[in-house]
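**Student:** just coords:
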């Protein structure tokens with residue numbers, strides 16, 4: 001047991017020293033990694049300009065910023081892209097560096113929280129041994145490290161649901177604009193300018209960037225869907241690329257797609273309502289069972305005592 005603990009602790013210390021050295025003294029890397037780094041910095045600067053947030057202040061903020069940049073550089077050198085997590089952060093308009101720094105800081109806090117929890121359990125006389133605090137520290141560190149992933153995934157799912165609702169209304173507005181005699185580019189931009197919500201701002205920003213970069217607006221919508229992980233925008237881009245020259249087909253395609261999205265949304269709402277009603281039924285049955293146990297218990301005690 002002592003040899004196992006020594007090996008585990010030595011391996012963790014060696015791994016921590018290796019990660020620390022790689023973060024403090026990053027290698028030069030190949031030219032492709034340098035180009036990817038420049039593109040990432042440019043995208044991060046554009047994102048900060050489009051959605052400014054309150055800057056971090058104090059020692060904790062500077063530590064988070066420093067740790068985020070170092071960990072992001074380490075991820076970039078190792079080739080760990082984590083595209084699904086990046087898509088979730090893009091939907092939430094959060095920084096990739098701050099997300100990585102939060103994971104690292106929470107993991108470090110978990111390593112200290114595990115032994116503290118062991119001390120509390122040991123004072124109650126429920127645990128003993130040398131290996132217990134080590135394993136509790138590792139378990140708490142791993143749980144704390146993955147907590148931001150769960151939070152980001154949950155919040156991104158809610159925001160994508162809102163985005164799909166906006167896209168359904170957006171397609172109806174584009175279809176009505178086309179019926180009023182506007183061209184497809186003008187109809188796409190006019191429908192995005194109806195509201196100042198975050199979803200309309202993202203769509204409007206993608207359409208504006210398309211004019212600057214020289215790509216078509218449906219290609220810009222497809223790129224936005226790829227960035228945010230929204231399949232509806234990618235399907236919309238593909239359908240518009242096929243029927244962009246025929247106004248009647250565009251209107252029919254947009255109207256049919258908007259109706260399909262509404263039916264899907266109604267089905268999801270009905271399914272969610274059914275799940276909630278089932279959970280309420282289970283809660284009521286458990287409450288009734290507890291009440292019956294409360295009524296029957298005194299009589300059963302008397303019977304068994306006799």
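**Tutor:** Nice, thanks for sending it over. All figures in this text were calculated on a predicted structure; none of them were measured in a lab.
**Student:** going by C-alpha atoms from here, please, whenever you check contacts or count neighbours.
**Tutor:** OK.
**Student:** now the top helix by length along the chain: average pLDDT?
**Tutor:** The single longest helix within the chain, with elements called by DSSP state H, is helix 247-305. Helix 247-305 shows an average pLDDT of 83 in the prediction.
**Student:** check the offset of it from the chain's centre.
**Tutor:** Distance, stretch centre to chain centre, for helix 247-305: 26 Å (C-alpha atoms, centre = their mean, to the nearest Å).
**Student:** and if you look at stretch 184-198?
**Tutor:** The answer for stretch 184-198 is 26 Å, by C-alpha atoms, centre = their mean.
**Student:** what's the end-to-end length of it?
**Tutor:** 22 Å (C-alpha to C-alpha, to the nearest Å).
**Student:** got the buried residues for that stretch?
**Tutor:** Residues of stretch 184-198 classed as buried by neighbour count (16 or more other C-alpha atoms under 10 Å): 184, 185, 187, 188, 189, 190, 191, 192.
**Student:** can you tell me which of those residues is nearest residue 159?
**Tutor:** Taking C-alpha to C-alpha as the measure, residue 159 sits nearest to residue 192 out of the buried residues of stretch 184-198, at 17.8 Å.
**Student:** can you tell me which helices and strands the host helix or strand of residue 84 packs against?
**Tutor:** According to DSSP states H and E, residue 84 maps onto helix 83-92. With contacts defined as 3 or more C-alpha pairs under 8 Å, 6 or more residues apart in numbering; DSSP states H and E, the packing partners of helix 83-92 are helix 131-179, helix 217-228.
**Student:** just the residues contacting the last one, thanks.
**Tutor:** Put plainly, it is helix 217-228. 87-88, 90-91, 185, 203, 206-207, 209-211, 231-238, 240-241 (C-alpha atoms under 8 Å, 6 or more residues apart in numbering).
**Student:** going through these, which ones are buried?
**Tutor:** 87-88, 90-91, 185, 203, 206-207, 210, 232-238, 240.
**Student:** now, these that are in helices?
**Tutor:** Filtering the buried ones among the contacts of helix 217-228 for helices - DSSP H - leaves 87-88, 90-91, 185, 203, 206-207, 210, 232-238, 240.
**Student:** rewinding a little: and the longest helix of the chain, what does it pack against?
**Tutor:** Looks like helix 247-305 contacts helix 131-179, helix 231-243 (3+ C-alpha pairs under 8 Å, 6+ apart).
**Student:** could you rerun that using 10 Å?
**Tutor:** Secondary-structure packing of helix 247-305 (3 or more C-alpha pairs under 10 Å, 6 or more residues apart in numbering; DSSP states H and E): helix 131-179, helix 184-192, helix 231-243.
**Student:** from what I can see residue 104 touches residue 63, true?
**Tutor:** No: checked against C-alpha atoms under 10 Å, the pair residue 104 and residue 63 is beyond contact range at 11.1 Å.
**Student:** and these two? Which one has more around it.
**Tutor:** More crowded of residue 104 and residue 63, by other C-alpha atoms under 10 Å: residue 104, with 20 against 14.
**Student:** who's in contact with the more buried one?
**Tutor:** Counting by C-alpha atoms under 10 Å, 6 or more residues apart in numbering, residue 104 makes contact with 64, 67, 68, 71, 98, 110, 141, 144, 145, 146.
**Student:** what subset of those residues is buried?
**Tutor:** 64, 67, 68, 71, 98, 110, 141, 144, 145.
**Student:** specify which member of these is nearest to residue 215.
**Tutor:** Using C-alpha to C-alpha, these come closest to residue 215 at residue 98, 31.6 Å.
**Student:** and that closest one, how far is that from residue 213?
**Tutor:** 29 Å.
**Student:** tell me the helix or strand right after the worst-scoring helix or strand of the chain on mean pLDDT.
**Tutor:** When the helices and strands of the chain are scored by mean pLDDT, DSSP states H and E, helix 31-50 comes last with a mean of 50. Following helix 31-50 in sequence order, the next helix or strand is helix 58-78 (DSSP H and E).
**Student:** any idea how far that next one is from the chain center?
**Tutor:** With C-alpha atoms, centre = their mean, you get 19 Å for helix 58-78.
**Student:** give me the below-cutoff pLDDT ranges for the stretch 1-150 of the chain.
**Tutor:** Residue ranges of the stretch 1-150 of the chain with pLDDT under 70: 1-10, 12-60, 118, 120-131.
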